[in-house]
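Asks: Next comes the sequence, and after it the predicted model I'd like to discuss.
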Amino acid sequence: MATVTIRQRLTIEMQESLVSALENGQSLKGACELVYFSYARACVLMGEKSSKGRKFSAIINRAQAVAEHRLVTRIMESGNPSDCLKFLQSRFSEWDKRGNVNTKDQANLKAESLLARMSAIPEEIKKRKS
């Protein structure tokens with residue numbers, strides 16, 4: 001049965017919950033299931049050329065960008081480059097551009113390269129205590 005043809009209404013409350021789940025690192029499919037909204041319908045909405053479709057797509061993309069930023073920040077604070085790289089590669093395909101790594105030395109070099117790339121990300125300004 002094709003669920004794409006089912007027109008579901010995404011209420012404001014559902015959309016807020018969906019965005020919150022995405023910002024906390026949930027996948028789009030998991031976030032849709034969390035709010036009882038069809039993942040197939042979400043994909044259809046994101047592909048629409050209408051202003052509603054473009055707005056929905058922008059909201060989803062921004063929420064996923066917030067999640068990636070939070071994850072990168074947490075990973076930078078952890079300090080274990082090998083674990084950082086493995087996690088980012090499993091969650092975001094764009095982090096795995098150099099192919100598979102077979103040896104521990106190559107993994108360490110790749111992890112150090114990752115940390116070098118991450119160090120180019122500007123740090124958030126911390127509030128000073130008065």
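Replies: On my side now, so go ahead.
Asks: By mean pLDDT, flag the weakest helix or strand of the protein.
Replies: Here the helix or strand of the chain ranked lowest by mean pLDDT, DSSP states H and E is helix 104-119, holding a mean of 64.
Asks: Which of the three states applies to the closest residue in space to Gln15 that isn't next to it in sequence?
Replies: Leaving aside its chain neighbours, Gln15 sits nearest to Ile59 (7.3 Å; criterion: Cβ to Cβ, 6 or more residues apart in numbering). Where C-beta positions appear, they are placed from N, C-alpha and C, glycine not excepted. With DSSP: H, G, I helix; E, B strand; the rest coil as the basis, Ile59 sits in helix.
Asks: how about the helices of the chain, start to end?
Replies: For the chain, the helices defined by DSSP state H occupy 12-23, 28-34, 39-47, 51-78, 81-91, 104-119.
Asks: Could you export those as TSV, including mean neighbour count?
Replies: As requested, the helices of the chain are exported to TSV (neighbours: other Cβ atoms under 10 Å):
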stretch	mean neighbour count
helix 12-23	16
helix 28-34	17
helix 39-47	16
helix 51-78	14
helix 81-91	17
helix 104-119	13
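Asks: looking at those, which has the lowest confidence?
Replies: Among the helices of the chain, helix 104-119 has the lowest mean pLDDT, at a mean of 64.
Asks: Domain boundaries for the chain, per the record?
Replies: Domain assignment for the chain by automatic domain parsing gives 10-77, 79-122.
Asks: sorry, back to before: in this structure the residue nearest to Gln15 contacts Val19, no?
Replies: Yes - because the distance of 6.3 Å satisfies Cβ atoms under 8 Å, Ile59 is recorded as touching Val19.
Asks: Distance of Leu88 relative to Tyr39?
Replies: Distance of Leu88 to Tyr39, given as Cβ to Cβ, to the nearest Å: 24 Å.
Asks: typo on my end, Ala65
Replies: 20 Å.
Asks: what's the answer for Lys29, then?
Replies: Per Cβ to Cβ, Lys29 is found 5 Å from Tyr39.
Asks: For Glu123, give me the pLDDT.
Replies: At Glu123, pLDDT is 56.
Asks: Name the nearest residue to Leu22, ignoring sequence neighbours.
Replies: Here the residue nearest Leu22, using Cβ to Cβ, 6+ apart, is Ala63, at 3.7 Å.
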